[in-house]
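> Attaching a predicted model along with its sequence, questions to come.
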Amino acid sequence: MPYALFAGASGLIWGGANFAPRAAVEIARQAQAGNWSAVQEIWQFIAPAMSLIWQGDYVQNVYAAAEILGYGAGQPRKPLARLPQHKLAVLQTALEPLQAYEKR
């Protein structure tokens, strides 16, 4: 997300905002203010999860992450299925830095 803002985009559509709404809003605010150090600082909470999600199963990961962080998005539409249990544990670990930020 911050890469598009660094490049000058005035907005974007980002799946990660579904599980990190507070962080996403704050990143957008700080980018509009030109406070790039704050953008980078906030991104560090999201980066572990996004790096994992970008590796594959994007939609399933976003749904699972939203559920884990308490934003409950339901289930992905067919033909997609829920994220497999073994991938869910890895996602949970990647979300740990973000959990505290989102609960602020």
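Happy to help now that I have it. Residues are numbered from 1 along each chain as shown.
> going forward, measure contacts between C-alpha atoms and count neighbours the same way
OK.
> what's the residue closest to the geometric middle of the protein?
Gly16 (3.1 Å; CA atoms, centre = their mean).
> quick one: the residue lying closest to that residue once chain neighbours are set aside and Gly74, what's the gap?
Spatial nearest neighbour of Gly16, chain neighbours left out: Val62 (6.5 Å); criterion: CA to CA, 6 or more residues apart in numbering. Distance of Val62 to Gly74, given as CA to CA, to the nearest Å: 11 Å.
> what's the answer for Ser51, then?
23 Å.
> And Ala66, by the same measure?
Applying CA to CA to Ala66 and Gly74 gives a distance of 9 Å.
> okay, those two: which has more neighbours?
Ala66 (20 against 11; other CA atoms under 10 Å).
> Now for Ala23, how many residues are close by?
Ala23, neighbours per other CA under 10 Å, totals 20.
> Number the chain from 30, please
Yep, numbering from 30; the last one is Ala52 now.
> surely it meets Ala129?
No: the criterion here is CA atoms under 8 Å, and Ala52 misses it with Ala129 at 10.8 Å.
> Spatially nearest residue to Asn90, not counting backbone neighbours?
Ile82 (6.0 Å).
> Please tell me the pLDDT value assigned to the one you found.
Here, the pLDDT recorded for Ile82 equals 92.
> how close does it sit to Ser66?
Counting by CA to CA, the gap from Ile82 to Ser66 is 24 Å.
> Same question for Gln84.
Distance, Gln84 to Ser66, using CA to CA: 26 Å.
> pLDDT wise, what is Met79 at?
pLDDT, Met79: 94.
> in the host helix or strand of it, what's buried?
Assigned by DSSP states H and E, Met79 falls within helix 65-82. Within helix 65-82, the residues scored as buried using 16 or more other CA atoms under 10 Å are 65, 68-69, 71-72, 74-79, 81-82.
> Buried residues of the worst-scoring helix or strand of the chain on mean pLDDT, list them for me.
Here the helix or strand of the chain ranked lowest by mean pLDDT, DSSP states H and E is helix 31-35, holding a mean of 82. Neighbour counts over helix 31-35 (16+ other CA under 10 Å) mark Pro31, Leu34 as buried.
> what does it contact?
Gly40, Leu41, Ile56, Ala57, Ala60, Trp65, Val68, Gln69, Trp72 (CA atoms under 8 Å, 6 or more residues apart in numbering).
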